[in-house]
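Visitor: Show me the folded form of this:
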Amino acid sequence: MHPIAKIVIGAILIVGSAWVVYKYTLDEFWLIIKGIVPPLVFIVGLFIVWLEYDKLRIERELKQETARASPI
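Guide: Got it, this is the predicted structure:
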């Protein structure tokens, strides 16, 4: 994607978020943030666990492959 397009999208997001804060009171905005953050943290944690589990599985398979390939 072209850098100018990314800048335009970023500017739209900035203006949109400022509009949300302006349109709704700050209390409502914090309520929305409190509702969004825990599920996002859960999803990030789940992703990290999945990546590390997959890494361990691949390392174990690689160790088995090297053990079969080198008959000492």
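Visitor: check contacts around residue 59.
Guide: With C-beta atoms under 8 Å, 6 or more residues apart in numbering as the criterion, no residue contacts residue 59. Quick note: C-beta positions are derived from backbone N, CA and C, even for glycine.
Visitor: From residue 27, how far off is it?
Guide: For residue 59, the distance to residue 27 (C-beta to C-beta, to the nearest Å) stands at 49 Å.
Visitor: can you check residue 41 too?
Guide: From residue 41 to residue 27 the distance is 22 Å (C-beta to C-beta).
Visitor: same deal with residue 9?
Guide: For residue 9 relative to residue 27 (C-beta to C-beta), the value is 29 Å.
Visitor: Compare these two (neighbour count), which wins?
Guide: Neighbour count, other C-beta atoms under 10 Å: between residue 9 and residue 27, residue 9 has more, with 11 against 8.
Visitor: pLDDT wise, what is the more buried one at?
Guide: pLDDT for residue 9: 91.
Visitor: which element is it on?
Guide: Assessed by DSSP states H and E, residue 9 sits inside helix 3-23.
Visitor: So what's the residue count around residue 50?
Guide: Residue 50 has 10 neighbouring residues, counting by other C-beta under 10 Å.
Visitor: Relative to the whole chain's centre, how far out is whichever strand or helix holds it?
Guide: For residue 50, the host element (DSSP H and E) is helix 26-69. Chain-centre distance of helix 26-69: 9 Å, with C-alpha atoms, centre = their mean, to the nearest Å.
Visitor: Please report how far the residue nearest the centre of the chain lies from residue 27.
Guide: The structure's the chain has its C-alpha centroid closest to residue 44; by C-alpha atoms, centre = their mean the separation is 5.4 Å. Applying C-beta to C-beta, the value for residue 44 to residue 27 is 26 Å.
Visitor: and what of residue 18?
Guide: Distance from residue 18 to residue 27, by C-beta to C-beta: 17 Å.
Visitor: what do you get for residue 57?
Guide: From residue 57 to residue 27 the distance is 46 Å (C-beta to C-beta).
Visitor: Same check on residue 15?
Guide: For residue 15, the distance to residue 27 - C-beta to C-beta - is 22 Å.
Visitor: got the angle for the helix or strand of the chain with the lowest mean pLDDT vs helix 26-69?
Guide: Counting by mean pLDDT, DSSP states H and E, the chain has its least confident helix or strand at helix 3-23, which shows a mean of 86. Put simply, helix 3-23 runs at 140 degrees to helix 26-69, going by axes from the mean of the first three to the mean of the last three C-alpha atoms, to 10 degrees.
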